[in-house]
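**Q** with the input below, show me the fold.
(chains A, B, C and D)
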Protein chains: 2
Amino acid sequence: MRTARNGAADGGAIRSERWDILPAMATMTSADIRVHNQVRLLRAVHDAPEPLTRAAAARLLAIGRNTAGALVGELERARLLHEVPAAATGRGRPTTLLLPHPEGPVAFAADIREDSWTLARIALGGELTELESGEHDRTPAVFELIEEAVARHASDRLAAVGIAIAGPIRDERWLHISHLGWDEVDLGEHLGEAWPPTVVGNDARLAGLAEARRGVLRGTGTAMHFHIDFDIGGTLLLAGDSQTGAHNIAGEFGHMPLTGSPLRCMCGSLGCWSLDVGTNALMRRFGKEPGYGAGRAFGREVLRRAAEGDAAAAEAVDDNAAALGRGLGALANALDPEAISLSGLGVELIRLRRGLIEASCEAALMAFRRAEAPRIVAGTVGGIGPLRGAAEVAFDEVLTPEWLGARL
Amino acid sequence: MRTARNGAADGGAIRSERWDILPAMATMTSADIRVHNQVRLLRAVHDAPEPLTRAAAARLLAIGRNTAGALVGELERARLLHEVPAAATGRGRPTTLLLPHPEGPVAFAADIREDSWTLARIALGGELTELESGEHDRTPAVFELIEEAVARHASDRLAAVGIAIAGPIRDERWLHISHLGWDEVDLGEHLGEAWPPTVVGNDARLAGLAEARRGVLRGTGTAMHFHIDFDIGGTLLLAGDSQTGAHNIAGEFGHMPLTGSPLRCMCGSLGCWSLDVGTNALMRRFGKEPGYGAGRAFGREVLRRAAEGDAAAAEAVDDNAAALGRGLGALANALDPEAISLSGLGVELIRLRRGLIEASCEAALMAFRRAEAPRIVAGTVGGIGPLRGAAEVAFDEVLTPEWLGARL
DNA sequence: ATGTTATGTTCTTACCGAGAACAAAACAAC
DNA sequence: GTTGTTTTGTTCTCGGTAAGAACATAACAT
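**A** Numbering: from 1, shown residues only, chains lettered A, B, ... in the order given. Okay, the predicted model is just below:
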């Protein structure tokens, strides 16, 4: 069991014992070349916005048609890819379509909410199929429910499992969910050796990954994604991978003091951005006690009343949006993203107060950055962002030289 | 001419026009394998803490002794490496030492301060030799002085030039140095086609790179480095590379509002961390007007008086150090570095107030992070950090498949 | 029916690294 | 001084890969 740790930061375990050589520079033989090209081809098929043909794959990968033929033949024999004739589209010999093999590998993804869970399956090409969902009692026993569901649906096609969950997971093992009161929950006890290879990741980070892979942030070199629910958390995305940090607990941008709040935060620090952005901030604004996962309906009600012109609600939403913008501007000074996407309440705040968010962001930018402020956009993956992100990161296990080398 | 843009973020120029395949997954043939291994070998020689032997290189790179022999022979013929017998150290046939070739490629590095400049040369293995230095009139005409000095020392061994300079360089072209009053200086006009391949980078970022390559941050997966002079700026380092951002202007952490200042900053925003950390903050504390690169001596004087027990000076330094710690804690919540190194005034602040910095940092951390707070350490590269970083990033041009492929 | 176009298949070539075997050069033990 | 052990260098063979060219095939255009 390990958590989602994309990108080059995951070098600790494979670092030379004496001194470092960049992990990317592995040994390479001609057999490794073949696997390298198999990975490239499968990644291309997986990421293609529409089904890829063999001829297009050869052009895209800049390989000979003979090599493409060899790669496809081998992947078909390994039941990783299925090739069927493509309809002719003009002069010239018709090519073939490269499709997921019906017996090819799949990964499962689970999304754990405060009181419910969903299990889905992803195959090559990215098709996501919901398998089962249910409720749970807000305790870590939910992992047993997921394990049972996985067992009901598993077959030998199952290669890996990805799990999206709220809260950070320190050192891939210690889970914290403050609004459920989970503190230092040991994932090692809940995800034992009986599990298939499992990746557990923070839901905001996985939502960001989903936008980078299949959503509005696709193709963006440096981006950020923020999910706003009770509070705000997110991820820095570099070349499509979300950054994890040294102990796998990067992304808590909501716990930076970006908006001048004098209040103490539940996280243990002072003045966090999350005190001013999200549902908890709206609740506090109306004298309610935030916490423990309650209040989402109230937050939606405040937004609805603000849209209808209620003055107090409008002011509350104004302040939420302005605080959001201010924090985004500060982060843009530091990390220089090309685009910032939002999900959850963030989509609503953009809908209601795009101008205010952008103006507040710009005011917080250093003057010379204002010519090219980052785009602030609503995520397009939607509510299944964490599930989609968990599915993609689980399926990443298949698209590796190690996994393919063992399979071919 | 381009600026230092390490890491995976530099994918914009080579991204597929249709949709993305990770840039790292390039085509690979057996000839590419050879170049790949040449790069690995030269990188190992460059980075080794002590001269590397052929036998040790074979073990380190996990290649056969026959392959190591072939690689070394080819690099020697290309005058990229020089092999000499090593002294026998025990039983067994003596091996050889792999040294920089006396006619091998070099890179030049320039460090531009407010009123002076330094030019140095780096060769394989990292030896840095100062060539020349001088003063300048605080205008962009300094680039012409550097160009002339480069021309005086250049030979056909010169492969690339790296330049370290204060201020961000937007889109690799537009340079801003607020304390010199340089605004949107067009590097395209100053670094024309006559220059060798040139990389220009921000000095704080290059100082961080120096610590990651040759200093206290070597081998650290996720780290941050901050340089404190008049204000504070830094860089996020992932797997030894400093992150540049979408427009090459990441790293302005000093322009985030982390410490609650009500003041407006010269950068155009409000409440920046730099208002509370660095020489400018010390000057303001004593009623002086900061700006335009003046006051370094005053800052040192304040530190000296604080060390001697002067109450007002001590309080000023306390506040500077506490603000530093608070900001570092906030950034640790967001980016989860394993270590944070400091240079410039930061080294002095650590010496005088390590306990206060660490306590302030811990107070700003989310509670569950306090068990593993990031290490806060003084950089070890010293004042030549920017020069060393510029040298390394320039020499990186040599250690690429493209450069070697053209040379072999 | 013929020509054009695009793709698939076959064949040859050149390149690489691995692994084994042997050679060489050191020091250890006697 | 001789023999043995250890470590590394050199040589050789093998098997793998992709590229590129040439030819075959299958579509549509004229």
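**Q** so for stretch A:69-80, what gets flagged as buried?
**A** A:71, A:72, A:74, A:75, A:80 (16 or more other CB atoms under 10 Å in any protein chain shown). No exception for glycine: its C-beta is placed from N, CA and C like everyone else's.
**Q** typed the wrong thing, it's stretch A:146-160
**A** For stretch A:146-160, the neighbour count (16+ other CB under 10 Å) marks A:146, A:147, A:149, A:150, A:158, A:159, A:160 as buried.
**Q** and if you look at stretch A:172-189?
**A** A:172, A:173, A:174, A:175, A:176, A:177, A:178, A:179, A:180, A:182, A:185, A:187.
**Q** with stretch A:369-388 instead?
**A** By 16+ other CB under 10 Å, the buried positions in stretch A:369-388 come out as A:369, A:372, A:374, A:376-381, A:384-388.
**Q** out of those, which one sits closest to residue A:46?
**A** Ranked by distance to residue A:46 (CB to CB), the buried residues of stretch A:369-388 are led by residue A:388 at 13.2 Å.
**Q** so the closest one touches residue A:210, yeah?
**A** Yes. Between residue A:388 and residue A:210 there is a contact under CB atoms under 8 Å: 3.9 Å.
**Q** any shared contact partners between those two?
**A** Here residue A:388 and residue A:210 have residue A:381 as joint contacts, going by CB atoms under 8 Å, 6 or more residues apart in numbering or on different chains.
**Q** picking up where we left off before, quick one: which of the buried residues of stretch A:146-160 is nearest residue A:354?
**A** Nearest to residue A:354 out of the buried residues of stretch A:146-160 is residue A:146 (CB to CB; 37.7 Å).
**Q** and the gap between that closest one and residue A:192?
**A** Residue A:146 is 13 Å from residue A:192, where distance means CB to CB, to the nearest Å.
**Q** what of residue A:29?
**A** Residue A:29 is 36 Å from residue A:192, where distance means CB to CB.
**Q** could you identify the most distant pair in the buried residues of stretch A:369-388?
**A** Greatest spatial distance among the buried residues of stretch A:369-388 (CB to CB): A:369 and A:387, at 34.7 Å.
**Q** which parts of the stretch 51-200 of chain A sit against DNA strand D?
**A** A:62-67, A:70-71, A:88, A:90-94 (CB under 7 Å from any atom of the strand).
**Q** so who does residue A:407 touch?
**A** Shown in contact with residue A:407 (CB under 8 Å, 6+ apart): A:78, A:80, A:105.
**Q** at 6 Å instead, please
**A** For residue A:407, the contacting residues are residue A:78, by CB atoms under 6 Å, 6 or more residues apart in numbering or on different chains.
**Q** over to it: give its phi and psi.
**A** The phi/psi pair for residue A:407 (degrees, to the nearest 10) reads phi -90, psi -30.
**Q** could you list the buried residues of stretch A:249-267?
**A** Across stretch A:249-267, burial judged by 16+ other CB under 10 Å covers A:249-261, A:265-267.
**Q** which single one of these is nearest to DNA strand C?
**A** Set against DNA strand C, the nearest of the buried residues of stretch A:249-267 by CB to the nearest atom of the strand is residue A:250 (35.5 Å).
**Q** mind checking the SS state of the closest one?
**A** Recorded secondary structure, residue A:250: coil (DSSP: H, G, I helix; E, B strand; the rest coil).
**Q** with adjacent residues omitted, what lies nearest to it?
**A** Leaving aside its sequence neighbours, residue A:250 sits nearest to residue B:336 (CB to CB, 6 or more residues apart in numbering or on different chains; 3.8 Å).
**Q** next, count neighbours for that neighbour.
**A** Other residues near residue B:336 number 25, with proximity taken as other CB atoms under 10 Å in any protein chain shown.
**Q** test my guess that it contacts residue A:246.
**A** Yes. The criterion here is CB atoms under 6 Å, and residue B:336 meets it with residue A:246 at 5.4 Å.
**Q** need the residues of the stretch 151-300 of chain A near chain B, please.
**A** A:176, A:219, A:221-222, A:238-239, A:245-247, A:249-250, A:252-253, A:255-258, A:260, A:267-269 (CB under 6 Å from any CB of the partner chain).
**Q** return the set of buried residues in the longest helix seen in chain A.
**A** In chain A, taking DSSP state H as the definition, the longest helix is helix A:311-335. Neighbour-count burial for helix A:311-335, with 16+ other CB under 10 Å as criterion, is recorded at A:313-314, A:316-317, A:319-335.
**Q** spatially central, which residue of chain A would that be?
**A** For chain A, the residue nearest the mean C-alpha position is residue A:206 (2.1 Å; CA atoms, centre = their mean).
**Q** state the phi and psi torsions of it.
**A** phi -70, psi -30.
**Q** quick one, domains of chain A?
**A** Chain A is divided into the following domains under automatic domain parsing: A:106-207+A:386-395, A:219-380.
**Q** thinking again about what came up before, between the buried residues of stretch A:172-189, which is nearest DNA strand D?
**A** Distances from DNA strand D to these, taken by CB to the nearest atom of the strand, are shortest for residue A:172, at 34.1 Å.
**Q** hang on, that closest one packs against residue A:249?
**A** No. Judged on CB under 6 Å, residue A:172 makes no contact with residue A:249 at a distance of 9.9 Å.
**Q** point me to the residue of the stretch 101-250 of chain A nearest DNA strand C.
**A** residue A:101 (17.3 Å).
**Q** please name the nearest non-neighbouring residue to that residue.
**A** Once flanking residues are discounted, residue A:101 sits nearest to residue A:82: 4.3 Å by CB to CB, 6+ apart.
**Q** now residue A:207
**A** Per CB to CB, 6+ apart, closest to residue A:207 is residue A:385, 3.3 Å.
**Q** pLDDT at residue A:179, what is it?
**A** For residue A:179, the pLDDT comes out at 79.
**Q** now the one 4 residues further on
**A** Reported pLDDT at residue A:183 in the predicted model: 89.
**Q** residue of the stretch 301-408 of chain A closest to DNA strand D, please.
**A** Closest residue of the stretch 301-408 of chain A to DNA strand D, CB to the nearest atom of the strand: residue A:408 (8.5 Å).
**Q** check contacts around that residue.
**A** If you count contacts by CB under 6 Å, 6+ apart, residue A:408 has them with residue A:78.
**Q** stretch A:230-241 spans what distance, first to last residue?
**A** Start to finish, the residues bounding stretch A:230-241 are 25 Å apart (CA to CA, to the nearest Å).
**Q** which residue sits closest to the residue in the stretch 151-300 of chain A positioned nearest to chain B, ignoring its sequence neighbours?
**A** Proximity of the stretch 151-300 of chain A to chain B (CB to the nearest CB) peaks at residue A:245, 2.4 Å away. Counting by CB to CB, 6+ apart, residue A:245 lies nearest to residue B:336, which is 2.4 Å off, once chain neighbours are set aside.
**Q** in a strand, residue A:119, correct?
**A** Yes. According to three-state DSSP, residue A:119 belongs to a strand.
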